[in-house]
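Q: kindly return the folded structure for what I paste below:
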Amino acid sequence: MPPLADRLAKRTLELVNIPSESRHESEIAAYVADALDWRPTWRSGETLWYDAGVGTRPLIVLAGHLDTVPSQQNVPGRLSDDAVVGLGASDMKGGLAVMIEIARAWADLRTTPEHDLAFLFFPREELPASESALPEFFDSVQRVHEAALAILLEPTDVTIQAGCLGNLNALFHFHGVSGHSARPWTAENAIEKALEGLRPIAAIEPRPVELGGLKFTEVVSLTQIQGGIASNVIPDRVTANVNFRYAPDRSPSSAEAYLRSLMPSGATYEEAGDSPPARVVTDSPLVQRLRATSDLALEPKQAWTNVADFTSRGIDAVNFGPGATRYAHRRDEQVEIAALERCFVSLWDFLTGSV
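A: From the prediction side, this is the model:
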């Protein structure tokens, strides 16, 4: 294995072997701090900000989250012939490995390239937005607001993925009258009302939306349903979670208005969290320059990521990382070693002005 690929594979495996499920990122934050071997410019808990710039050049930010989803008996990880396998390998410890290796190499170059560079490592990405560590970071570190471009090393199969969908959840409550299951005519079955009311929602077709030359697909999905009291009781309440992945051409208020318009007669609505979409950044000269490093594909982000936290604050941001989207959150999660190397080389060429 070439030295760079070997270094990246070993770094990724070391990161995979550090358990870091959401809310338990202290050990991996300590690992990052030790690996970089220079004091963070700003730190709060497990959020680490390293500003390696001199302050007079356009700032590029590389960002990645430290946490993973819960284990599926896939820790410790292992090396196969061509991949690192284990929890978080794709989402996104492969990306963290690339960030760490770039940071270590950058120490010798920080005064010569044409861009300043900063690194952001943060916890609790896999949790609801209410637990995000980023609002405190953005309020505390004014330097990040000067960034010309932020690159989040989320899994993208080494393509540039611009924008992201909004993620709105709502609870639709269906109400009835409870009663004995032997005499259902004395009751009003909330399950039957839910079945009737949810059928049109389940039939909604995806909506294609083109923005910045990229096609996003807006979808409404039924993701959870709860109800029932006992096997011999007609229930008087059923709750369904409706998940709306809405395109960046909608505002949060218009997305909620649309979801409310789907609510069946007699049901009640309860908001259950919203993460707004990201602005689609495709015409940025820096994004085009990143593309040119390896003739990288430019795609839409058909999900939600923290690029939205940056673009909502006026900071251009895209997703670009080595992880394989098809393996994220799977029991056999993995990242190809060749993808780690390609991601590193593309970013290094972009940052050092080799293209």
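Q: now do the SS call for residue 14.
A: Classification of residue 14 by DSSP: H, G, I helix; E, B strand; the rest coil places it in helix.
Q: residues contacting it?
A: Residue 14 sits next to residue 31 when contact means CB atoms under 8 Å, 6 or more residues apart in numbering. To be clear about C-beta, it is placed using only N, CA and C from the backbone, and glycine gets the same treatment.
Q: gap between it and residue 89?
A: 12 Å (CB to CB, to the nearest Å).
Q: now residue 66
A: From residue 66 to residue 89 the distance is 14 Å (CB to CB).
Q: tell me the domain boundaries of the protein?
A: Using automatic domain parsing, the domain ranges for the chain come out as 3-163+278-352, 166-275.
Q: and among the ones you listed, the most buried is which?
A: Burial of these is given as mean neighbour count (mean count of other CB atoms under 10 Å); domain 3-163+278-352 ranks first at a mean of 20.
Q: what is the end-to-end distance of it?
A: End-to-end distance for domain 3-163+278-352: 20 Å, by CA to CA, to the nearest Å.
Q: same question, stretch 310-322
A: Across stretch 310-322, first to last residue, CA to CA, it's 21 Å.
Q: which SS state does residue 61 fall under?
A: Applying three-state DSSP: residue 61 is strand.
Q: from residue 90, how far out is it?
A: 22 Å.
Q: one more: residue 248?
A: 24 Å.
Q: again with residue 340
A: Residue 340 is 11 Å from residue 90, by CB to CB.
Q: likewise residue 26?
A: The value you get for residue 26 to residue 90, if CB to CB is used, is 23 Å.
Q: reformat the domains of the chain as JSON lines; add mean pLDDT.
A: As requested, the domains of the chain are exported to JSON lines (pLDDT from 0 to 100):
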{"stretch": "domain 3-163+278-352", "mean pLDDT": "94"}
{"stretch": "domain 166-275", "mean pLDDT": "97"}
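Q: can you give me phi and psi for residue 79?
A: Main-chain dihedrals, residue 79, degrees, to the nearest 10: phi -100, psi 130.
Q: give the bridge partners for it, please.
A: residue 84 (DSSP bridges).
Q: kindly report the same for residue 210.
A: Bridge pairing for residue 210 - DSSP bridges - gives residue 215.
Q: what separates stretch 318-331 from the chain centre, distance-wise?
A: Counting by CA atoms, centre = their mean, to the nearest Å, stretch 318-331 is centred 10 Å from the centre of its parent chain.
Q: ok, now stretch 90-105?
A: With CA atoms, centre = their mean, you get 16 Å for stretch 90-105.
Q: same question, stretch 70-82
A: With CA atoms, centre = their mean, you get 21 Å for stretch 70-82.
Q: stretch 13-29 too?
A: With CA atoms, centre = their mean, you get 17 Å for stretch 13-29.
Q: can you get me the start-to-end distance on it?
A: End residues of stretch 13-29 are separated by 16 Å (CA to CA).
Q: was I right to think residue 239 contacts residue 175?
A: No: with contact defined as CB atoms under 8 Å, residue 239 does not count as touching residue 175 (10.2 Å).
Q: look through the protein and tell me its longest helix.
A: The single longest helix within the chain, with elements called by DSSP state H, is helix 337-352.
Q: what helices and strands are in contact with that helix?
A: helix 3-16, strand 83-85, helix 94-106, helix 285-294 (3 or more CB pairs under 8 Å, 6 or more residues apart in numbering; DSSP states H and E).
Q: hmm, try it at 7 Å
A: If you count contacts as 3 or more CB pairs under 7 Å, 6 or more residues apart in numbering; DSSP states H and E, helix 337-352 packs onto helix 3-16, helix 94-106, helix 285-294.
Q: helices of this structure, start to end?
A: 3-16, 26-36, 94-106, 134-140, 190-202, 252-261, 285-294, 307-311, 337-352.
Q: ok and the first one relative to helix 337-352, angle-wise?
A: Interaxial angle, helix 3-16 versus helix 337-352 (axes from the mean of the first three to the mean of the last three CA atoms, to 10 degrees): 110 degrees.
Q: just give me how far helix 3-16 sits from the chain centre.
A: For helix 3-16 - counting by CA atoms, centre = their mean - the centre lies 22 Å from the chain centre.
Q: so which residue is dead centre in the chain?
A: residue 305 (3.2 Å; CA atoms, centre = their mean).
Q: that one contacts residue 153, correct?
A: No: with contact defined as CB atoms under 7 Å, residue 305 does not reach residue 153; the gap is 10.4 Å.
Q: who touches both of these two?
A: By CB atoms under 7 Å, 6 or more residues apart in numbering, residue 305 and residue 153 have no common neighbours.
Q: ok, residue 66 touching residue 20?
A: Yes: with contact defined as CB under 7 Å, residue 66 reaches residue 20; the gap is 5.5 Å.
Q: which residues are common contacts for those two?
A: residue 28.
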